[in-house]
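1. Test case, fold it:
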Amino acid sequence: MTDNAAMRESNTDEAGRFFWRMPSPVGPLLLVGGDDCLREISFPTGRGARQPRPGWIENEAAFSETIRQIDAYFAGELTRFDLPLAPKGDAFQQAVWAQLLRIPYGETATYGEVAVAIGQIRADRCRFGQH
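-> Sure, this is the predicted structure:
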């Protein structure tokens, strides 16, 4: 995706958020953003479905670049995203997000490998399943 320097500190205030639902080859996606950054991509259907919260504003234009890059990725034309990100979470979760950004295109990493990389050798057993 983008380098760690582009990640902005998350803010717990959810007012002023924008959202958009977009189709994708893996199912519908819910895009959530605010403050000129992408805060979340989630699935609005299925287990753990996430829905827009009251007060969020539906705004496709706010995600035009995100939509363009996601579409290009699924078309096989993009291997690295260049979007300003602000993922939410505590210090542990932020470390996980940062490590996930380091996984090269076309490669995978297990929960255990990510845990070891962030110095939390047992984290895959005690935290990943909780979130």
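
2. Strands of the protein, start to end?
-> 18-22, 29-34, 37-42, 57-58 (DSSP state E).

3. Does anything pack onto the shortest one? Which helices or strands?
-> The elements that strand 57-58 packs onto, with contact taken as 3 or more CB pairs under 8 Å, 6 or more residues apart in numbering; DSSP states H and E, are strand 18-22. Heads up, the C-betas are built off the backbone N, CA and C, glycines and all.

4. Packing partners of the strand it packs on?
-> Strand 18-22 packs on strand 29-34, strand 57-58, helix 64-74, going by 3+ CB pairs under 8 Å, 6+ apart.

5. which one of the ones you listed lies closest to Thr110?
-> Closest of those to Thr110 is helix 64-74, at 22.4 Å (criterion: CB to CB).

6. For the closest one, list the C-alpha coordinates in CSV.
-> Taking C-alpha atoms only, helix 64-74 is exported to CSV below (Å, rounded to 0.1, in the frame of the first residue of the first chain):
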residue,chain,number,x,y,z
SER,A,64,-12.6,8.8,-6.4
GLU,A,65,-8.9,8.0,-6.2
THR,A,66,-9.5,5.1,-3.8
ILE,A,67,-12.1,3.6,-6.2
ARG,A,68,-9.8,4.2,-9.2
GLN,A,69,-6.9,2.4,-7.4
ILE,A,70,-9.0,-0.5,-6.1
ASP,A,71,-10.5,-1.0,-9.6
ALA,A,72,-7.0,-1.0,-11.1
TYR,A,73,-5.7,-3.5,-8.5
PHE,A,74,-8.5,-5.9,-9.3
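
7. Measure how that helix sits relative to strand 18-22, angle-wise.
-> In terms of direction (axes from the mean of the first three to the mean of the last three CA atoms, to 10 degrees), helix 64-74 departs from strand 18-22 by 30 degrees.
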